[in-house]
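**Q** sequence plus the predicted model coming up.
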Amino acid sequence: MLESKWLTDDIRNIQKLMAIPALRGFETKNLGKVLRLSKIRQYDDGESIIQEGDRDRWLYFLLNGKIRIVKAGVEIAATDKTGEMFGEMTLIDNISRSASVFAVGQTVCLAVDTSGGGRSGIEDERADFLFLLYRMFAEYLAVRLRLTNEELIKLKRKHGIKA
């Protein structure tokens, strides 16, 4: 993995964040807070981004490339959708990582340290950011739950299972 230094909240970086669908609703000052908690990480093909069972507080946004999500050795999803958020579940329930995430080809992510990483002067920014992040999570998880429900219905119909 190649990793940048901590990002700065200059206008060019803020404009790049505005291209991420999940972050479009954030105000400019809040995007600056996201940047100060963030690094750019680049992964090679097959490299682990998140490891099932680990405990960390990093949240990721896919900027370029593709990821595959694996639970108990079974691939459960893959995406190349720019702006896709992943790694959020542990931030909500404070339990270890529920799945592993691997890079497919060269992959670039925005990595946000939601713990603040012990960096001085970050605590107030982190609290403001987490409040906004939880609101975003609620919207994002509702979409994922709806998609999961649709997949469940398809599988039940395919196998003749009734309610």
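**A** Right, received. Where do you want to start? Numbers count the residues shown, from 1 in each chain.
**Q** pLDDT (mean, whole number) over the helix ranked longest in the chain?
**A** Assignment by DSSP state H gives helix 123-158 as the longest helix of the chain. For helix 123-158, the mean per-residue pLDDT is 81.
**Q** please apply the same query to stretch 32-40.
**A** Per-residue pLDDT over stretch 32-40 has a mean of 86.
**Q** what about it, how long is it end to end?
**A** Its first and final residues considered, stretch 32-40 spans 15 Å by C-alpha to C-alpha, to the nearest Å.
**Q** ditto for stretch 45-62
**A** Length of stretch 45-62, first residue to last, C-alpha to C-alpha: 14 Å.
**Q** would you mark the buried spots in it?
**A** For stretch 45-62, a neighbour-count test (16 or more other C-beta atoms under 10 Å) marks 49, 50, 52, 58, 59, 60, 61, 62 as buried. C-beta coordinates here come from the backbone N, C-alpha and C atoms, glycine included.
**Q** need the max-distance pair from those.
**A** Spanning the widest gap among the buried residues of stretch 45-62 are 52 and 61, at 20.1 Å by C-beta to C-beta.
**Q** just checking, residue 85 touches residue 141?
**A** No - assessed by C-beta atoms under 8 Å, residue 85 is found out of contact with residue 141, at 10.0 Å.
**Q** okay, those two: which has more neighbours?
**A** Comparing residue 85 with residue 141 by other C-beta atoms under 10 Å, the one with more neighbours is residue 85, at 22 against 15.
**Q** what's near enough to touch that one?
**A** Listed by C-beta atoms under 8 Å, 6 or more residues apart in numbering, the contact set of residue 85 reads 22, 59, 60, 61, 62, 140.
**Q** switch to 6 Å and redo it
**A** Counting by C-beta atoms under 6 Å, 6 or more residues apart in numbering, residue 85 touches 22, 61.
**Q** before we move on, back to that, which other helices and strands does the longest helix of the chain contact?
**A** Secondary-structure packing of helix 123-158 (3 or more C-beta pairs under 6 Å, 6 or more residues apart in numbering; DSSP states H and E): helix 28-36.
**Q** got the angle for the helix it packs on vs helix 123-158?
**A** 90 degrees (axes from the mean of the first three to the mean of the last three C-alpha atoms, to 10 degrees).
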